[in-house]
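> compute the structure for the input listed below.
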Amino acid sequence: DRLEISDALAALWKAVARANKYIDEQAPWSLARDPAQADRLATVLYNLAEAQRILAVALTPFLVETPEKIWDQLGLDPAGVRSRPWEEAIRWGGLPPGTAIRRGAPLFPRIPMPKEESDVASDDAVTPAAAGSGAPAPTPAEKDPGAAAPRPVEKAPAAEAQQPAPAPEGVALIDYEDFARVQLRVARVLHAERVPNTDKLLRLELEVGNERRQIVSGIAQHYQPEELVGQLIVLVANLKPRKIRGIESHGMLLAASTPEGQLSLVTVDRPIASGAQVK
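Residues are numbered from 1 along each chain as shown. Down below sits the predicted model:
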């Protein structure tokens, strides 16, 4: 009975983030290479398509045209989806098994950057492991989620074991006292938007306890702004502010990097107050 738009959107973006994590956990690109995993692959793709359908329904109060584009690409009649009662439309299983996915135009296309601005200035650079203050490592090709498949939902097995990353060579050891000077805190993302005239940078507004912070982060090729809202990330909180593309950035978020340059944010695995110290 209350109008809490920001909280509603934050909850939806958490669901989007969980769907993205499900992709990483189930690795459909690996399942596709094993004919024995065809049934499991079908279930994973169905779950992802159905999650998109329900999220599109939940987003109809906030987005005017995008939900209908999502339904159309899922092979559904947008008018038919809109005509359903709310309780029925958000019920799991509304996507008929065997529905063919339609390949369409990107729903959130990136704006091409002018050639003279194609390179991020050197003061925007950042190492892949700490992506809070500039451009990340080169981006790999985006994964194609594939098509929905005609299989019922089944219990998901444990995610495939990932090969450990090789240990970095030539890394200098530091004293405990040196590391103790670094202050890591939990921060909640309140708002995220692209930095104009660059395809690598996002501007994030953060809640760090009772304090509001702004940072510029080189993760735009790895995360859509809207999927970050509401997430609890880890922030290097005691860095001196610096200007990136004319925007003051006060802090640096933490992210892990694969050898191919794909970034994954460091987050917390359960609810905790923003501003909490990371030890």
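
> from here on, contacts and neighbour counts on C-alpha atoms
Will do.

> which residues touch the nearest residue to residue 250 once chain neighbours are set aside?
Nearest residue to residue 250, sequence neighbours excluded (Cα to Cα, 6 or more residues apart in numbering): residue 241, at 4.3 Å. Applying Cα atoms under 8 Å, 6 or more residues apart in numbering, we find residue 241 in contact with 248, 249, 250, 251.

> the first one belongs to a strand?
What it means is residue 248. Yes: under DSSP: H, G, I helix; E, B strand; the rest coil, residue 248 falls within a strand.

> can you count the residues close to it?
15 (other Cα atoms under 10 Å).

> surely it is in contact with residue 242?
Yes: using Cα atoms under 8 Å, residue 248 makes contact with residue 242 at a distance of 5.5 Å.

> just give me the residue right at the centre of this protein.
Closest residue to the average C-alpha location of the chain: residue 223 at 4.3 Å, with Cα atoms, centre = their mean.

> which SS class is that one?
coil.

> distance of the residue nearest to residue 250 from residue 214?
Counting by Cα to Cα, to the nearest Å, the separation of residue 241 from residue 214 is 10 Å.

> where does pLDDT dip in the protein?
1, 109-171 (pLDDT under 70).

> how does it divide into domains?
5-104, 120-137+173-278 (automatic domain parsing).

> pick the most buried one from these.
Here the criterion is mean neighbour count by mean count of other Cα atoms under 10 Å, and of the domains of the chain the winner is domain 120-137+173-278, at a mean of 18.

> gap between it and the chain center?
Its chain's C-alpha centre and that of domain 120-137+173-278 lie 13 Å apart, by Cα atoms, centre = their mean, to the nearest Å.

> related to what we said a few turns ago, list residues touching both of residue 241 and residue 214?
Common neighbours of residue 241 and residue 214 (Cα under 8 Å, 6+ apart) are 248, 249, 250, 251.

> which two among the residues you listed are spaced furthest apart?
Based on Cα to Cα, the longest span within the shared contacts of residue 241 and residue 214 runs between 248 and 251 and measures 9.7 Å.

> so what sits against both of those two?
Joint contacts of residue 248 and residue 251 (Cα under 8 Å, 6+ apart) are 214, 215, 241.

> between those residues, which is closest to residue 73?
Once Cα to Cα is applied, the member of the shared contacts of residue 248 and residue 251 that ends up nearest residue 73 is residue 215, at 35.0 Å.

> am I right that that closest one is in contact with residue 203?
Yes: contact criterion Cα under 8 Å: residue 215 and residue 203 qualify, at 5.9 Å.

> contacts for whichever strand in the chain runs longest?
The longest strand of the chain (DSSP state E) is strand 184-194. Applying Cα under 8 Å, 6+ apart, the contact partners of strand 184-194 are 201-209, 220, 225-226, 228-238, 268, 273-279.

> run through the neighbouring helices and strands of the helix or strand following that strand.
Downstream of strand 184-194, the next assigned helix or strand under DSSP states H and E is strand 202-208. Counting contacts by 3 or more Cα pairs under 8 Å, 6 or more residues apart in numbering; DSSP states H and E, strand 202-208 is packed against strand 184-194, strand 211-217.

> which one of those strands lies closest to residue 65?
strand 184-194 (19.8 Å).

> listing partners with orientation, what would you give for that closest one?
strand 202-208 (antiparallel), strand 232-236 (antiparallel), strand 277-278 (antiparallel) (DSSP bridges).
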